[in-house]
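>>> sequence below, structure please.
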Amino acid sequence: MPSLARLATLLGGLVFCVSATAADVDAQSYGYPLANPFEATIATTPPELRPALPDDRDIDQSDYSVRLRPDREFELLDNFWPVTKLQYRLAEQKGRAPLIFIISGTGASYASSITEYLKKLFYGAGFHVVQLSSPTSYDFMAAASRFATPGYSPDDADDLYRAMQAVRAQHPKLQVSEYLLTGYSLGALHAAFVSQIDETRRAFDFKRVLLLNPPVNLYTSVSNLDKLVQTRVQGIDNSTNFYELVLGKLTRYFNDKGYLDINEAMLYDFQQSREKLSDEQMAMLIGTSFRFSSADIVFTSDLLNRRGLITPRDYRITESTSLTPFFQLALRCDFDCYIAEQLMPMWRARYDGGSLNQLIEQSSLYALEDYLRGSDKIAVMHNADDLILGQGDIGFLRRTFGERLTLYPRGGHCGNLNYRVNSDAMLEFFRG
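Coordinates of the predicted model:
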C-alpha cells in the first residue's frame, strides 16, 4: 500500500508604489492549465509543460556535513545521532560560476522534491548550487539552531546565515563569481531576512534574491493551512477514516496502473483519473501534510529543550524507543498551541517580548517593509490563488515591491514552480 508519509513529504516539500506596478500575468497568456488551487498545489505541473532538466548522473554533486553546534553532540538523545552535524548538498560546476543558496520550505530537508527541482534548474543554467534544510526541519533544529524553537524569523535567519558561512568556509577552492539567494514558501520568508542580515555583515553581498511564494503574514499563512485539517469531508468523521479513503483511492489507482510509484507526475495523472480527490479531500490532504510538519516541530523543539510538554523530562529515549505515542500527542498541538506553549515563552524570555501581534509583526515581511521597498536586488514571484495568502497580502506585495513583483493568476501554493514559464522567468531574473 502506498506510504502516506511519502505523499506528505511530496506535498511539503509542501504560506504598489504610485510610480510602479506589479507584473500581473493574465490567465490566457500564461497558459498554466490547472485553475483549481488545491489541485495545483498537490499535482503541480503536467509533465509535458515542465522544462528539460539535467539528470542526476550528469550533476557533480555530493552531500556534506558541517559542525555548527558541537555542544549538541553531548546533549542530544541517542536517537538524534545522525543529525549532530548539519547536512547539505553542493552541486559544483567545473570552473568559476555564480553560487546560489536554496532555502527549503516548512519542515523540508535540503533533499526535498522542490529543492531538488530548483537545484537541477539552476545547475543546468551553469550555477553552483547549495541546498539547505528549513530551520523548521528536525535536522536543522538539532544541528544548527541555537534555541531549537523556530518561528521567530530573525533568529531562524541568523541560524541560516551562520550555516551558510560555515558551508562556504568548508569549500575554499570553490570558484565563485557572485552569490545569489532564493527560497520557496517559508524558505522565501527566511531568504528575505537573510538578505537583510547580509546588508550589514557583508559575508556574501548577494547580487540577486528571489522570493518564491513567501508568506506575507506568517501567522495568517500557518492559520490558513491549519484550518484545512478541519475541512468537512462527506462520509468522513475522523482522520483515520480520511487516511483510509485516500489510501484506498491510491491503491485502486495503482492496481489499474499495474505498478507503484509515488511522484509529482503521478499525482497529476492521479487527479485526471476516476479516483481523483474532491476539493474537500484535497484541502484536508494539504492540511494534514502541514499538520505533520507542525507536529514534527512541536515534538523536536520540546525534546531538544527538555520542556516536558510532549516527552517527560526524565523519560529516557534510546534508539529502540517507539516515538509514535509522543508524535500522536504532538499532532494534537496545532501551530497556535506551539506558539502559546513554546515559541512565545522563549521569545519573551530572551527578547523581553510582548504581545502575539508584536511577535507576528517581527516575524513577517512587515518587519522588512522599508528594506524590501528600497532594495532593487530583491524580487517576488507569487500566485493570486495561493492558499497561504490572506486579505491584504497581495496589496502589501504590490506596495512594497512594485514592478519587482510578478503575480501569476494560477498555481496554488508553489504548484507552478516547475512550469517552464516560471522556470524561464527565474533564470532570466538571476541572469540579470
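>>> burial count for Q328?
12 (other C-beta atoms under 10 Å). From N, CA and C alone the C-beta is placed, and that goes for glycine too.
>>> and S293, what's its pLDDT?
We have a pLDDT of 85 for S293.
>>> what's the spacing between it and P214?
Distance of S293 to P214, computed by C-beta to C-beta, to the nearest Å: 17 Å.
>>> now swap in G126 and tell me
Taken as C-beta to C-beta, the span from G126 to P214 is 26 Å.
>>> got it, and S65?
28 Å.
>>> just S301 next, same as before
For S301 relative to P214 (C-beta to C-beta), the value is 23 Å.
>>> and if you look at Y371?
14 Å.
>>> with I388 instead?
9 Å.
>>> shared neighbours of the two, anything?
S185 (C-beta atoms under 8 Å, 6 or more residues apart in numbering).
>>> got a list of what E341 touches?
307, 309, 333.
>>> count of neighbours near the first one?
Using other C-beta under 10 Å, the number of residues around R307 comes to 16.
>>> what number of residues lie near F401?
F401, neighbours per other C-beta under 10 Å, totals 25.
>>> just to revisit the earlier point, quick one: which of S65 and P214 has more around it?
P214 (29 against 15).
>>> I'd say the more buried one and S195 touch.
No - the pair P214 / S195 is not scored as a contact, 11.8 Å apart, by C-beta atoms under 8 Å.
>>> can you give me the helices in the stretch 201-350 of the chain?
218-228, 239-257, 264-271, 279-305, 324-331, 335-338, 344-351 (DSSP state H, counting those that start in this stretch).
>>> give me the buried positions along the helix or strand that comes right after the last one.
Meaning helix 344-351. For helix 344-351, the following helix or strand on the C-terminal side (DSSP states H and E) is helix 356-363. Buried positions in helix 356-363, judged by neighbour count with 16 or more other C-beta atoms under 10 Å: 359-360, 362-363.
>>> between helix 356-363 and helix 218-228, how many degrees?
Interaxial angle of helix 356-363 relative to helix 218-228 (axes from the mean of the first three to the mean of the last three C-alpha atoms, to 10 degrees): 110 degrees.
>>> got the contact list for helix 356-363?
By C-beta under 8 Å, 6+ apart, helix 356-363 touches 151-154, 217-219, 339, 343-344, 347, 353, 367.
>>> which residues touch Q170?
64, 66.
>>> give me the distance between it and V66.
The value you get for Q170 to V66, if C-beta to C-beta is used, is 6 Å.
>>> what's the mean pLDDT across the helix or strand harbouring G395?
Following DSSP H and E, one finds G395 within helix 393-401. When pLDDT is averaged over helix 393-401, the result is 97.
>>> what's downstream of it, the next helix or strand?
Taking DSSP H and E, what comes next after helix 393-401 is strand 405-408.
>>> D424 and P51 touch, don't they?
Yes - under the criterion of C-beta under 8 Å, D424 makes contact with P51 at 7.4 Å.
>>> more neighbours: which of those two?
Neighbours were counted for D424 and for P51 using other C-beta under 10 Å; P51 has more, 18 against 12.
>>> pretty sure that one is touching A425, no?
No - between P51 and A425 there is no contact under C-beta under 8 Å: 11.2 Å.
>>> tell me where the chain has strands.
23-24, 61-66, 86-91, 97-103, 128-132, 176-184, 208-212, 378-383, 405-408 (DSSP state E).
>>> residues contacting N383?
Applying C-beta under 8 Å, 6+ apart, the residues contacting N383 are 37, 213, 407-413, 415-416.
>>> and the gap between it and L389?
8 Å.
>>> likewise for F299?
Taken as C-beta to C-beta, the span from F299 to L389 is 28 Å.
>>> same check, this time on S104
20 Å.
>>> ok, the two, which is more surrounded?
S104 (30 against 24).
>>> give me phi/psi at the more buried one?
Main-chain torsions, S104, degrees, to the nearest 10: phi -70, psi 160.
>>> in terms of contact, does it touch Y117 like I think?
No - if you go by C-beta under 8 Å, S104 and Y117 don't touch, sitting 11.4 Å apart.
>>> taking the centroid of this structure, which residue is nearest it?
G105 (0.7 Å; C-alpha atoms, centre = their mean).
>>> got the contact list for it?
Applying C-beta under 8 Å, 6+ apart, the residues near G105 are 12-13, 112, 114, 134, 183-187, 414.
>>> please repeat the previous calculation with a cut-off of 10 Å.
12-15, 112, 114-115, 134, 136-137, 183-190, 212-215, 293, 413-414 (C-beta atoms under 10 Å, 6 or more residues apart in numbering).
>>> tell me how far it lies from L189.
In terms of C-beta to C-beta, G105 sits 10 Å off from L189.
>>> again, but for M381
14 Å.
>>> what touches both of those two?
Common neighbours of M381 and L189 (C-beta under 10 Å, 6+ apart) are 211, 213-214.
>>> in JSON lines, list these along with pLDDT and distance to P33.
Below are the shared contacts of M381 and L189 laid out as JSON lines (pLDDT from 0 to 100; distance: C-beta to C-beta, whole Å):
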{"residue": "L211", "pLDDT": "98", "distance to P33": "25"}
{"residue": "N213", "pLDDT": "98", "distance to P33": "19"}
{"residue": "P214", "pLDDT": "98", "distance to P33": "24"}
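>>> which stretches of the stretch 301-432 of the chain have low pLDDT?
In the predicted model, the stretch 301-432 of the chain carries pLDDT under 70 at residues 318-319.
>>> S301 against C337, yeah?
No - assessed by C-beta atoms under 10 Å, S301 is found out of contact with C337, at 11.8 Å.
>>> who has more neighbours, the two?
S301 (27 against 15).
>>> gap between M381 and P214?
9 Å.
>>> just checking, R208 touches F101?
No - R208 sits out of contact with F101 when judged by C-beta under 10 Å, with a separation of 11.6 Å.
>>> between those two, what contacts are shared?
What both R208 and F101 touch, as defined by C-beta under 10 Å, 6+ apart, is the set 179-182.
>>> the closest residue to D24 other than its chain neighbours: neighbouring residues, count only.
Excluding its sequence neighbours, the residue lying closest to D24 (C-beta to C-beta, 6 or more residues apart in numbering) is L407, at 5.0 Å. For L407, the neighbour count with other C-beta under 10 Å is 18.
>>> beta-bridge partners for I102, please?
Beta bridges link I102 to Q131, T182 when assigned by DSSP bridges.
>>> neighbours around it, how many?
Count around I102 with other C-beta under 10 Å applied: 28.
>>> go on, T41?
27.
>>> contact partners for the closest residue to it other than its chain neighbours?
Spatially, and ignoring its direct neighbours in sequence, T41 is nearest to G412 (3.6 Å; C-beta to C-beta, 6+ apart). Residues counted as contacts of G412 (C-beta under 10 Å, 6+ apart) are 14, 34-44, 213, 282, 286, 383, 385-388.
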